[in-house]
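Colleague: curious how this folds, go ahead:
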Amino acid sequence: GLPNPLDLVGKVLKHAAPTTFRKLQRKMTMPSATTLEATRSKWLSGFNLDVGRNSHFYTETLTDEQLEFIGGAEYRALRVLSYLVPAYFIGSQLIAFIIFAPWLSTTSTYDDVFNAQPRLVNKTWFAFSLFQIMAAYTGGGLSLVDAGMVPFQTAYLMIFPLMFAILAGNHALVLLPPRSLRLIIWVGSKLSREGGDLDQAFDFLLHHPRRFVNHFRFPSHQTWFLVISLLVMSAIEWVGFEVLNTGLDVYTALNTGAKIVDGFFQGLAARASGFTIVALSETAPALQFLYVVMMYIAVYPVAMSIRSTNVNEEGSLGIFEAPPDDEDEEPADLDKYEPRERVGKYLSWHLRRQVSIDIWWLVWAVFFVAIIERGQLMNPDEKWFDMFRVLFELVSAFGGIGLSLGLPNANYSFCGSFKPLSKLVVIIIMVRGRHRGLPVAIDPAVTLPLDLARRRREEEQRSRNASMNGLGLEVDPEV
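Modeller: Residues are numbered from 1 along each chain as shown. The predicted model follows:
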């Protein structure tokens, strides 16, 4: 299949700088096996534990009591996490709300903006402010003001809390140490009583974060990889905004502070929330294309980290055992089928391989919309309705962003001018894009090592029974 952008970068780096590539590869993957000594671990007591890559515990030689001990430590850590996650969810939004809402309720600078809406928008505490913060945190990008963030280009007490909410809800939950659960857990480990249950739980969470099947906590080296990815992407978008828009009216109309802050805000929004703080249709075409690329690749750093740090059941994250050597070869048993069935099997094999590639969904969506909207695309009176806007809208939908170039004659998104069938294609591509990279199966958040060992023994016994049945030997039904 077609390689994704990160694969291409990896291949280029491997050939251009093989030494650097090997160092990064080692950093991206934990050691294959280590021995965790009880004397060097706060949560482990009385015995040593062999640990594989990504905190896989080797429990074959452990007693039932030791397995129960590990399971208890894991459940205590999960209990602490069950309090931290809701606290993070509420607290991060509450911080932004406390900064943003009182100021907006008392200032009269933007009263004309709210009064100009088709229906009155209440700017008091629990109306516009709360809605805006939740839209930023969840990545919805919706606003009660029809022009989005454009009227608030210099409202810095609104912009900075919203940037905080965007980072906390979409990026920094896995990335930035100042706003991530990892820092909260680290601080908790320093403040908790030495040797207590809470201290042991924090230590377990810090050193074995991927024992818990969730996508917002990674080991230290993965966290730093994600931090670097966020900083690099944000820097590229900010520099692109400042450089590519030079000389354009939409840029020169901003003061120096707004140019800097709004450029950073728009870059974050292009990969997460979908807010617009400038009229995107008036920005440089090169910047619009840059945002298209960023919207598409934004998910890859986190998705790659998920796949390189899975623990309990690799199949649950869509990662399976190494495929056989002939997986990419055509089926070899087609000759035994009838011609019509043979063609079906062959096409089915090709379809499974191609549909699994993300970009094909996007290609077909653009193709179908181009067919459905042929009249508007070829209408000389609607030159603003072009293929690039279609591509921009569908990539935004596929990435779950919600960014739009808008319409010159209406205050809603570009897809609002689509025909109903095209809107259905947009809905399909939104659903497919939102679910790309999700697990193909769901595991329990925590599986006790004792349960794993018992399951392993049962599987071995079933395998032995099957072998005995194959040899014609009797099998004890009670075994």
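
Colleague: buried set for the helix or strand where residue 376 lies?
Modeller: Assessed by DSSP states H and E, residue 376 sits inside helix 374-377. By 16 or more other CB atoms under 10 Å, the buried positions in helix 374-377 come out as 376, 377. Every C-beta, even on glycine, is put in place using the N, C-alpha and C of the backbone.

Colleague: just the buried residues of whichever helix or strand comes after it, please?
Modeller: With elements assigned by DSSP H and E, the helix or strand that comes after helix 374-377 is helix 387-398. Neighbour counts over helix 387-398 (16+ other CB under 10 Å) mark 389, 390, 391, 392, 393, 394, 395, 396, 397, 398 as buried.

Colleague: state the mean pLDDT of helix 387-398.
Modeller: Mean pLDDT, helix 387-398: 92.

Colleague: distance of residue 44 relative to residue 410?
Modeller: 63 Å (CB to CB, to the nearest Å).

Colleague: of those two, which one has the most company?
Modeller: Remark: of residue 44 and residue 410, residue 44 carries more neighbours, 21 against 11, as counted by other CB atoms under 10 Å.

Colleague: for the more buried one, grab phi and psi.
Modeller: Backbone torsions of residue 44, given as degrees, to the nearest 10, read phi -100, psi 140.

Colleague: identify the residues contacting it.
Modeller: 36, 37, 38, 73 (CB atoms under 8 Å, 6 or more residues apart in numbering).

Colleague: now do 7 Å
Modeller: Applying CB atoms under 7 Å, 6 or more residues apart in numbering to residue 44 gives the contacts 36, 38.

Colleague: please shift the residue numbers so they start at 773 in all later answers.
Modeller: Sure, I'll start numbering at 773, so the last one becomes residue 816.

Colleague: which secondary structure elements does whichever strand or helix holds residue 784 sit against?
Modeller: Assessed by DSSP H and E, residue 784 sits inside helix 777-788. Applying 3 or more CB pairs under 7 Å, 6 or more residues apart in numbering; DSSP states H and E, we find helix 777-788 packed against helix 790-800, helix 1072-1080.

Colleague: cutoff 10 Å now
Modeller: Secondary-structure packing of helix 777-788 (3 or more CB pairs under 10 Å, 6 or more residues apart in numbering; DSSP states H and E): helix 790-800, helix 1057-1069, helix 1072-1080.

Colleague: mean confidence for that helix?
Modeller: 72.

Colleague: could you give the angle of it to helix 1057-1069?
Modeller: Taking axes from the mean of the first three to the mean of the last three CA atoms, to 10 degrees, helix 777-788 and helix 1057-1069 form an angle of 100 degrees between their directions.

Colleague: pull the number of nearby residues for residue 884.
Modeller: Neighbour tally, residue 884, other CB under 10 Å: 9.

Colleague: give the contact list for it.
Modeller: residue 923 (CB atoms under 10 Å, 6 or more residues apart in numbering).

Colleague: name the element it belongs to?
Modeller: Using DSSP H and E, residue 884 falls in helix 883-887.

Colleague: then residue 874?
Modeller: helix 836-878.

Colleague: packing partners of that helix?
Modeller: By 3+ CB pairs under 10 Å, 6+ apart, helix 836-878 packs against strand 821-824, helix 902-910, helix 928-938, helix 953-963, helix 969-979, helix 1221-1242.

Colleague: list the buried residues in stretch 955-968.
Modeller: 956, 957, 958, 960, 961, 964.

Colleague: ok, now stretch 1011-1025?
Modeller: 1012, 1013, 1016, 1017, 1023.

Colleague: avg pLDDT for it?
Modeller: For stretch 1011-1025, the per-residue pLDDT averages 93.

Colleague: tilt between the strand or helix carrying residue 1008 and helix 953-963?
Modeller: Assigned by DSSP H and E, residue 1008 belongs to helix 992-1016. For helix 992-1016 against helix 953-963, the angle by the same axes, to 10 degrees is 130 degrees.

Colleague: before we move on, back to that, what mean pLDDT does the helix holding residue 1148 get?
Modeller: 92.

Colleague: follow-up on the earlier one: the helices and strands packed on helix 836-878: lowest mean pLDDT?
Modeller: Lowest mean pLDDT of these: helix 1221-1242, a mean of 64.

Colleague: buried set for the helix holding residue 784?
Modeller: For helix 777-788, by 16+ other CB under 10 Å, it's residue 782.

Colleague: do stretch 810-828 as well
Modeller: For stretch 810-828, a neighbour-count test (16+ other CB under 10 Å) marks 813, 814, 815, 816, 821, 823, 825, 826, 827, 828 as buried.

Colleague: can you measure across it, start residue to end residue?
Modeller: 17 Å (CA to CA, to the nearest Å).

Colleague: ok, stretch 910-918 next?
Modeller: End-to-end distance (CA to CA), stretch 910-918: 19 Å.

Colleague: in that stretch, which residues are buried?
Modeller: For stretch 910-918, by 16+ other CB under 10 Å, it's 910, 911, 912, 913, 915, 916, 917.

Colleague: just these: which are in helices?
Modeller: residue 910 (DSSP state H).

Colleague: nearest to residue 1149, of the helices and strands packed on helix 836-878?
Modeller: helix 902-910 (31.4 Å; CB to CB).
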